[in-house]
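Chemist: turn this into a structure:
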Amino acid sequence: MDGFDLIPDSLILVIFNSLSDVKTLIRCRAVSKRFNSLVPQTESLILKVDCVISPESGESDSPLLFFFKSFFKSLHNLISLSPKLHAAHTRPTGSQNSPTQILRGFERIRTLEIELPSGDLKLDRNAVVRWRAEFGKTLKNCVIFGFRAIRTSPPTQIPEDLGDVDFAGGLKLRVVWTISALIAASARHYLLKEVVEENKELETLILRDREGEGTLVMDKEGLSELRAGAAQVSDYKEWAVHFSGIDGDINGGGRTTVPSVRMRMRHVPKLGLKGGAWVDGATLVVVRPTRIISKDDGPEDKAQFIEADVEEDVVGDGALALESFGRGEHGEAVQAVVKTRSYHLEMNSF
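Modeler: This next block holds a predicted model:
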């Protein structure tokens, strides 16, 4: 017995939870029988997509799905160190390289962070767009911040009415930013459903990319909501197959449906920062699902719903924006933009 054997299992698990990186932990399983038995008990994991290394994905695959397939295939040989996982690999299955397959070597995941190598938005090279979305069964909220450029030289004199003119002229572009961000978020959410369903103890799930473009967040309540919704869909599928012969994925298309939403959009054509820099075309969009109004609700009820929505938007926009970007590199700009005049827009489900 050496000194390392005197370290209790609980302390080793603390170390493993601090490591978090899935590839590192998988390698640790080969160190000793003790490590092999303790690694699956790690509760905090980070799964990093290093690079796209396989061209075998079909042309119809979405970029996100292609990233996942490529990375998980590269990890397969490491995972086969576990006899259980090796046996699972030898079974013919179409999901050998899925996130679920990789994570089956861990028994009690509570916190999971997945990092992609790059973002999904392919917009104008001169535009920078960042988004953060929170999901349950469907979208709960999404905050989008975009701008044209950050300059160190002061701008020329700005006309008083430039804000309204610039907003109206660039509204189409900013709506495209918003739709693109919502599609990217819904595609990521769709890919995580199987992971959520299989890991029942999962309490926090974050999916982000290395470029810092977009972040998807699901808390304990949202994860429970998604599992409950998935069970209902599963029951419906069984009924549909039995009675009408319908089979396949009801939610086809590779992404979660975005519900009807209301948006508060703020825009500042030239925004000065404390350090002397200027942000061109700073735009902040806060997106929330539209409140569902029943046919039985009267005019007074509808008016109360609308009033409640407006109050929630005014009070909650600042909190959501600061939670999403207030502490990041663009925090100062976001804090300034959220205090400006907002424009209300609505969008149907898609």
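
Chemist: what is whichever helix or strand Ile26 is part of packed up against?
Modeler: When elements are assigned from DSSP states H and E, Ile26 belongs to helix 22-28. Other helices and strands packing on helix 22-28, by 3 or more CB pairs under 8 Å, 6 or more residues apart in numbering; DSSP states H and E, are helix 9-19, strand 44-48, helix 76-79. Any C-beta I mention is one placed from the backbone N, CA and C, and that applies to glycine too.

Chemist: to Arg148, which of the ones you listed lies closest?
Modeler: Using CB to CB as the criterion, the shortest distance between Arg148 and the helices and strands packed on helix 22-28 is 31.0 Å, found for strand 44-48.

Chemist: the inter-axis angle of that closest one versus helix 9-19?
Modeler: With axes from the mean of the first three to the mean of the last three CA atoms, to 10 degrees defining the directions, strand 44-48 sits at 30 degrees from helix 9-19.

Chemist: helices and strands of the chain: which one bottoms out on pLDDT?
Modeler: Comparing helices and strands within the chain by mean pLDDT, DSSP states H and E singles out helix 83-90 as the least confident, with a mean of 42.

Chemist: low-confidence ranges in this structure?
Modeler: Segments of the chain classed as low confidence (criterion: pLDDT under 70) are 1-2, 50-99, 119-125, 153-169, 231-253, 292-315, 328.

Chemist: all strands for it, in order.
Modeler: Along the chain, counting by DSSP state E, strands occupy 44-48, 111-116, 128-135, 139-147, 149-151, 204-209, 214-218, 261-272, 278-289, 342-347.

Chemist: now for the second one, which elements pack on it?
Modeler: When you say that, I think you mean strand 111-116. Contacts of strand 111-116 with other secondary structure elements, assessed using 3+ CB pairs under 8 Å, 6+ apart, are made with strand 44-48, strand 204-209.

Chemist: with only the CA atoms kept, save the longest one in PDB.
Modeler: Written as PDB, here are the backbone C-alpha positions of strand 204-209 (Å, rounded to 0.1, in the frame of the first residue of the first chain):
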ATOM      1  CA  THR A 204     -27.800  21.800 -14.900                       C
ATOM      2  CA  LEU A 205     -27.000  21.500 -18.600                       C
ATOM      3  CA  ILE A 206     -25.000  24.100 -20.600                       C
ATOM      4  CA  LEU A 207     -24.200  24.000 -24.300                       C
ATOM      5  CA  ARG A 208     -21.800  26.600 -25.600                       C
ATOM      6  CA  ASP A 209     -19.300  27.100 -28.300                       C
END
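
Chemist: burial check on the nearest residue to Val175 once chain neighbours are set aside, number of neighbours?
Modeler: Using CB to CB, 6 or more residues apart in numbering and skipping the chain neighbours, the partner closest in space to Val175 is Leu345 (7.6 Å). Leu345 is flanked by 16 other residues according to other CB atoms under 10 Å.

Chemist: can you tell me how far Leu345 sits from Leu38?
Modeler: Distance of Leu345 to Leu38, computed by CB to CB, to the nearest Å: 52 Å.

Chemist: do I have it right that Thr290 meets His344?
Modeler: No - the pair formed by Thr290 and His344 falls short of the contact definition of CB atoms under 8 Å, at 11.5 Å.

Chemist: overlap in contacts, the two.
Modeler: Taking CB atoms under 8 Å, 6 or more residues apart in numbering as the contact criterion, the residues that touch both Thr290 and His344 are Arg262.

Chemist: all helices for the stretch 151-300 of the chain, in order.
Modeler: With helices called from DSSP state H, counting those that start in this stretch, the stretch 151-300 of the chain shows them at 162-169, 171-198, 220-244, 299-325.
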